[in-house]
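Novice: Sequence and predicted structure, then a few things I'm wondering about:
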Amino acid sequence: MSQFRVLAGVLKGGGSPFLRWRAGGLTWRCWAHPKRGCSSRTDPLPAVVSNSSYVEEMYLAWLDDHKNVHESWDSFFRNIQASGPSGEADERRPSALLQGRVLSHSLDVAEKVVEDHLAVHTLIRAYQIRGHHVAQLDPLGILDADLDSFVPSDLITTIDKLGEIELRVGGCLYGLDESDLDRSFQLPHTTFIGGQETTLPLREIIRRLEASYCSHIGVEFMFINNVNQCQWIRQKFETPGIMQFTSAEKRTLLARLIRSTRFEDFLARKWSSEKRFGLEGCEVLIPALKTIIDKSSAAGIDSVIMGMPHRGRLNVLANVIRKDLDQIFCQFDPKLEAADEGSGDVKYHLGMYHERINRETDKNITLSLVANPSHLEAVDPVVQGKTKAEQFYRGDTQGKKVMSILMHGDAAFAGQGVVYETFHLSELPSYTTNGTIHVVVNNQIGFTTDPRVARSSPYPTDVARVVNAPIFHVNADDPEAVMYVCRVAAEWRATFNKDVVIDLVCYRRFGHNEMDEPMFTQPLMYKQIHRQEHVLKKYSEKLIAEGVVTLQEFEEEVAKYDKICEEAYTSSKDEKILHIRHWLDSPWPDFFTAQGEPKSMSCLPTGLDEEVLQHIGQIASSVPLEGFNIHPGVSRILRGRADLVKSRQMDWALGEYIAFGSLLKDGIHVRLSGQDVERGTFSHRHHVLHDQEVDKRICVPMNHLWENQASYTVCNSSLSEYGVVGFELGFAMANPNALILWEAQFGDFHNTAQCIIDQFISSGQAKWVRNNGIVLLLPHGMEGMGPEHSSARPERFLQMTKDDPDHIPVYFDVQQLYECNWIVVNCSTPANYCHVLRRQILLPFRKPLIIFTPKSLLRHPDARSGFDDLAKGTKFKRLIPDEGPASQSPGQVKRVIFCAGKVYYELAKERKQQNLDRDVAIIRLEQISPFPFDLVSEEVEKYGNAELIWCQEEHKNMGYYDYVRPRFLTVVANKKPIWYVGRDPAAAPATGNKSTHLNELRKFMDTLAQRLAAMFST
């Protein structure tokens, strides 16, 4: 098209640019062959039309055979001949009169030819860009998928009314009229509608464009800024006859549609009053998913990880994952008793893991459907994280073996922000899964909400445009169109390793669930739905009419599957116990016993050899690459680390380094993710060094510790919490022998990831019998940084812990950890921080670990540990007792202060200033939950004459007080109180005023001093 534009400009501007145009590598190619109606010359048209010899050559060719020249020349010569004297046509050479007429009219004719071709090229491009707006996508025929009935003015949608349309839109949009419909036009290189032909009549051009872009498939792709990708898509949808299926493929599609439809019918007959969130109205989803899996398997994929909402989940489990039907049917039995620990979940939330043979490719394939709560789209980043992890551990850097499929609802896809967050991870180096296939089950309704009030975008899928993912809209009542789109989507992902979206425009035959009445709010839609024929009926009749199957074969296939369902139903009645473990989506067969239990109930000491400590310390304080220029500030930090190592001391950063490095030595992969984690929010970590002279040259010393170590991944994330925490949770699902950590920039930033924390991390094991060892690092402390940068909200995590405040368990340490739902700690020393990270891997099971990490303590001179605290045989201290003078004479101690975290150092300083080292004991709770009843009881007994005080820097209605108080009272059998010292209750976690902060701190320290002074006055 650019050649036409250049030519049009030249025609208007004279002949001087011709040579420059040709020299630039552009030659006029539209009229390059006699069979296509032109000379074999490649000279630009403007130059030749001003040359009488060229005109004579064209004229002589036309006299021999009118087909030898382009039809525009044919028309031109006919007009000239008709207007000339009789007998002139018999001359073999053009007369002077003819030459004069040619020369006088040639420029106008050429310009008209160019303009008409430009118009046709523009029309073709208009269809490619906007054809989807008029595609017939709604199976019900009552809605427009893009919420707009307006037909774009640059589309000629009815060729029989071309003139009327041109008049309606202004009369000269293209400068074409009905007389041009049978004119042939040269096709541009940006279309494939011609097949092997390079010219087509306008009428045929429009017909083929409508067939490609305006029938049951609407393609959105022209926003993609990659020419090759656009050409690839054009070729897939424009090539004539490309959407063909063999009889065998049609029979397979019919068989899959039978299973999908009859499964829902069977459930509806047997359990008519049960919620099951059936797939009626989008039964084509099952053959669609199977087609994607078939094509992906053929391309080399052997593991597919899926996430989906509840609609159609049971059908997917039955007919895609191949979960035993009797196991599904027994879920409807209200008398079934659970055999596993935990509370379980409703049947349409459960997941599954299954390895089987793909019948179409005869290859092994593993399918995993991740369990999901009712929070729509929450599973998206979890699936991506699990997929990334499997790719990582298998060395599948291009995603050729492992892939993900995400299914969505239309309202949730448009409305849930985590969809956007997940898309924005898709191209990031440490998060990409090399392309995900998204399938949107577009009900054209959200519960009871119409699309026109549920989204502002034309389509529910518009969010995908931000990552240049092509979007294929398809009418779900056209099974073959759906299958073709799925085939193309799988090929796209295999070819370009990028996301792609399939928008299955369908309907929901019943309400939001089977008990809901949709006529209350969508009466017209559901009147049409009640009249709508089932897709299975329509497609089976089509294939019977085509002779692909007979009616008898169809009925036999239906009866065959009905029999399978009935037999499974009979078998399901024998099930008396529900095994939630049978629905596990991420099994660890080598980590647990065959029954899914820990192989032991002990934990090895977490201490280390001196040689290991020294080696890690040396690497942590050096640059392992030659000629690497680091920042002077970083050089100063490394020198400080080196001094610590020489003195056998460690600060917080070095303690973390030792924990990670020692695990890497043992073959444990460590992954640290979050905002600014490479350097650390507080500039303490510096795990990624940047060359100050060479752009993009980096060094990760942690990957240079040992010759055969595991790899260390540290990656700054996008500015996302919900999506990234979900991603890391999914990553931790794949392998128990890995330490996966997410660090918040500030502790309270986990607020926006609360859904993942509540629905997956806190309760995931109880609902789905799924262990997970993810670690959350949450910077916490009242340090005058304002209400949003102070508290990590420990009260929320402690409220969700499941240990009983009124019951002292029989077993502690490992057994107590096994029975909890997660572990909450606030370490006050670098050594204990290192120990708890190592313990996380050495435990014989996995639990989420919540660590409230320090800010000011990162550089506090007293917050250091010696190497002896990490020596061989040492381990994590759940409680750190007072080791000062007070512990030497416990009977003389009048006050015992229990606390957690940073406030210990402020209390110790105050005690020293008050000269109360022998009278006041300060005890640190390092593991808050599960509560160390045994150790607290020992300390209470040790200081039997002392009053008990809980001191915290957080406000009284926040922090740890509400959690620890009833447990302390249980320890003392409610025979003595536990007094509170700290800030008063408040609505905000902290003040935003520095002076107020200091006054609050001084006030609660004064309150403590007054209580201590009162002790001596009595």
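Specialist: All right, it came through fine.
Novice: hey, let's count contacts and neighbours off CA atoms from now on
Specialist: Will do.
Novice: where does the stretch 701-850 of the chain have low pLDDT?
Specialist: Scanning the stretch 701-850 of the chain with the threshold set as pLDDT under 70 gives no residue ranges.
Novice: can you give me the strands in it?
Specialist: 712-716, 738-743, 775-779, 823-825, 849-853 (DSSP state E, counting those that start in this stretch).
Novice: Looking at those, which is nearest to F933?
Specialist: Of all the strands of the stretch 701-850 of the chain, strand 823-825 sits nearest to F933, with 14.5 Å by C-alpha to C-alpha.
Novice: Now distance to A921 and mean neighbour count too, for the strands of the stretch 701-850 of the chain, in a markdown table please.
Specialist: Converted to a markdown table, the strands of the stretch 701-850 of the chain look like this (distance: least, C-alpha to C-alpha, whole Å; neighbours: other C-alpha atoms under 10 Å):
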| stretch | distance to A921 | mean neighbour count |
| --- | --- | --- |
| strand 712-716 | 40 | 20 |
| strand 738-743 | 33 | 24 |
| strand 775-779 | 27 | 25 |
| strand 823-825 | 21 | 22 |
| strand 849-853 | 23 | 24 |
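Novice: Touching stretch 645-659 from outside, list them.
Specialist: Contacts with stretch 645-659, where a contact means C-alpha atoms under 8 Å, 6 or more residues apart in numbering, come from 613-614, 616-618, 620, 641, 644, 684-685, 702, 829-831, 833-835, 837-838, 857-859, 863-867.
Novice: cool, stretch 865-879 as well?
Specialist: For stretch 865-879, using C-alpha under 8 Å, 6+ apart, the contacting residues are 605-610, 613, 648-651, 829-832, 835-836, 839, 923-927, 932, 935-936.
Novice: Narrow those residues to just the buried residues.
Specialist: The neighbour-count test (16 or more other C-alpha atoms under 10 Å) applied to the contacts of stretch 865-879 identifies 605-608, 613, 648-651, 829-832, 835-836, 839, 923-927, 932, 935-936 as buried.
Novice: Are we agreed that I405 is in a strand?
Specialist: Yes - under DSSP: H, G, I helix; E, B strand; the rest coil, I405 sits within a strand.
Novice: got the buried residues for stretch 625-642?
Specialist: For stretch 625-642, a neighbour-count test (16+ other C-alpha under 10 Å) marks F628, N629, I630, V634, I637, L638, R641, A642 as buried.
Novice: what do you get for stretch 998-1006?
Specialist: E1000, L1001, F1004, M1005.
Novice: mind checking how far the last one is from G982?
Specialist: Translated: M1005. Computed as C-alpha to C-alpha, to the nearest Å, the M1005 to G982 distance reads 8 Å.
Novice: Repeat that for the first one.
Specialist: Separation of E1000 from G982 (C-alpha to C-alpha): 9 Å.
Novice: and if you look at A710?
Specialist: Taking C-alpha to C-alpha, one finds A710 at 45 Å from G982.
Novice: Show me what H354 is bridged to.
Specialist: Beta bridges link H354 to L367, judged by DSSP bridges.
Novice: correct me, but it touches V370?
Specialist: No - counting by C-alpha atoms under 8 Å, H354 does not reach V370; the two are 11.6 Å apart.
Novice: more crowded one of the two?
Specialist: Higher neighbour count among H354 and V370: V370, with 25 against 18, using other C-alpha atoms under 10 Å.
Novice: hmm, back to that, just tell me which of the strands of the stretch 701-850 of the chain ends up closest to R259.
Specialist: strand 738-743 (40.4 Å).
Novice: Direction included, what does the closest one pair up with?
Specialist: Strand pairing for strand 738-743, determined by DSSP bridges: strand 669-674 (parallel), strand 775-779 (parallel).
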